[in-house]
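In: sequence? don't have it. structure:
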């Protein structure tokens, strides 16, 4: 049941991509953030990336903004977890 809710949220955002593509990234990111929090997800990150970098990104694209030039990527977990995962072991 815990996996179903985030997947449903992500699916709804993907369906809304064409409409949201015209919005500024900051506005869309704030709306997505509010919707995810309203659904009870506490630990997540939203990152704005260039559309060209989408293939190299970990996470799920949940929005498109700035006329389709950028994407908003959702990752479960808190920001510290994402930073630790991105840091190479040395």
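Out: Great, that's in hand. It should be emphasised that the depicted structure is a prediction, and the values quoted were computed from it without experimental measurement.

In: any idea how far stretch 54-68 is from the chain center?
Out: 7 Å (Cα atoms, centre = their mean, to the nearest Å).

In: just stretch 53-65 next, same as before
Out: 7 Å.

In: give me the residues contacting it.
Out: 9-10, 13-14, 16-18, 20-21, 23-25, 27-29, 32, 45-49, 51, 70-75 (Cβ atoms under 8 Å, 6 or more residues apart in numbering). To be clear about C-beta, it is placed using only N, CA and C from the backbone, and glycine gets the same treatment.

In: only the buried subset of the residues you listed, as a ChimeraX command please.
Out: A single ChimeraX command selects the buried members of those (16 or more other Cβ atoms under 10 Å):
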select :9,10,13,16,17,20,21,23,25,28,29,32,45,46,49,51,70,71,72,73,74,75
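
In: where does residue 55 sit: helix, strand or coil?
Out: Here residue 55 is recorded as helix under DSSP: H, G, I helix; E, B strand; the rest coil.

In: that one: neighbour count?
Out: If you count neighbours by other Cβ atoms under 10 Å, residue 55 ends up with 6.

In: how much space is there between it and residue 40?
Out: As judged by Cβ to Cβ, to the nearest Å, residue 55 and residue 40 stand 31 Å apart.

In: which residue is the nearest non-sequential neighbour of residue 74?
Out: If the residues on either side of it in the chain are set aside, residue 74 comes closest to residue 62, at 4.5 Å by Cβ to Cβ, 6 or more residues apart in numbering.

In: quick check: which element contains residue 31?
Out: For residue 31, the enclosing helix or strand under DSSP states H and E is helix 25-38.

In: which residues touch that helix?
Out: Contacts for helix 25-38 (Cβ under 8 Å, 6+ apart): 9, 13, 20, 23, 44, 46, 48, 62-63, 65-66, 70, 72, 74.
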